[in-house]
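In: Generate a structure from the sequence data that follows.
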Amino acid sequence: MAFRKQKDEESGGERWLEVDASMTGTLAFKDPVNLQINGRFEGTLDTKGNLAIGDKAEVKATIRGEAIIIGGTVQGTVTATSRVELLASARVAGKVISPRVIMKDGAVFNGSLEMSGGTSASPWMNVEELARYLEVDADTVTQWAQSGRLPSQREGSAWRFERAKVEEWLAQEKIK
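Out: Numbering: from 1, shown residues only. Model prediction:
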């Protein structure tokens with residue numbers, strides 16, 4: 001597996017981590033990263049920050065991220081909290097979920113598109129969604145909510161979590 005760091009002139013000098021390899025499994029990042037997949041990938045990509053699928057990449061995956069740019073071939077579900085951009089060379093089959101989708105002339109998309117209003121995905125999460133997001137089990141999320149450690153609201157027997165407040169809580173927890 002080859003990892004390379006590159007300087008991207010368009011992003012004002014931001015650094016990108018490039019993966020030039022064939023991989024199967026889960027690739028997850030808890031902290032923001034600029035990641036570019038150039039090879040073959042099968043499994044789950046869970047990123048924070050920017051994710052780019054290179055022109056020659058072949059990906060069969062469930063993809064979650066903030067801003068996702070696709071130039072290669074993708075099969076699966078792509079979920080972005082900010083935007084999905086399909087470049088002219090993109091070939092996408094599956095489901096795209098994002099509040100904003102940009103599709104360049106020449107891109108091919110076969111599947112379904114779900115666009116939520118506003119500037120991000122749903123502002124609320126349930127216990128299971130938050131557990132996946134935090135990479136902990138659902139019982140831990142429930143315990144944190146019951147003890148008041150985690151910002152939450154109770155609706156009947158269910159807990160709901162406002163995404164913005166959870167992000168603030170995470171930032172404060174990292175400082176401690």
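
In: For residue 116, give me the pLDDT.
Out: The score at residue 116 is 62. That number is its pLDDT.

In: separation between the residue of the chain most remote from its centre and residue 139?
Out: Most distant from the centre of the chain: residue 156, at 30.1 Å, with distances by CA atoms, centre = their mean. According to CB to CB, to the nearest Å, residue 156 and residue 139 sit 19 Å apart. (C-beta placed from N, C-alpha, C; glycine too.)

In: Also residue 128?
Out: Going from residue 128 to residue 139 by CB to CB gives 11 Å.

In: How about residue 20?
Out: 39 Å.

In: Likewise for residue 63?
Out: The value you get for residue 63 to residue 139, if CB to CB is used, is 27 Å.

In: got the contact list for stretch 83-93?
Out: Stretch 83-93 is contacted from outside by 53, 55, 67-75, 78, 96, 98-111, using CB atoms under 8 Å, 6 or more residues apart in numbering.

In: Find out how far it is from the centre of the chain, if you would.
Out: Relative to the chain's own centre, stretch 83-93 is displaced by 15 Å; criterion: CA atoms, centre = their mean, to the nearest Å.

In: start to end distance for that stretch?
Out: When the termini of stretch 83-93 are compared using CA to CA, to the nearest Å, they are 17 Å apart.

In: returning to what we had before: the more surrounded of residue 63 and residue 139?
Out: Higher neighbour count among residue 63 and residue 139: residue 63, with 26 against 10, using other CB atoms under 10 Å.
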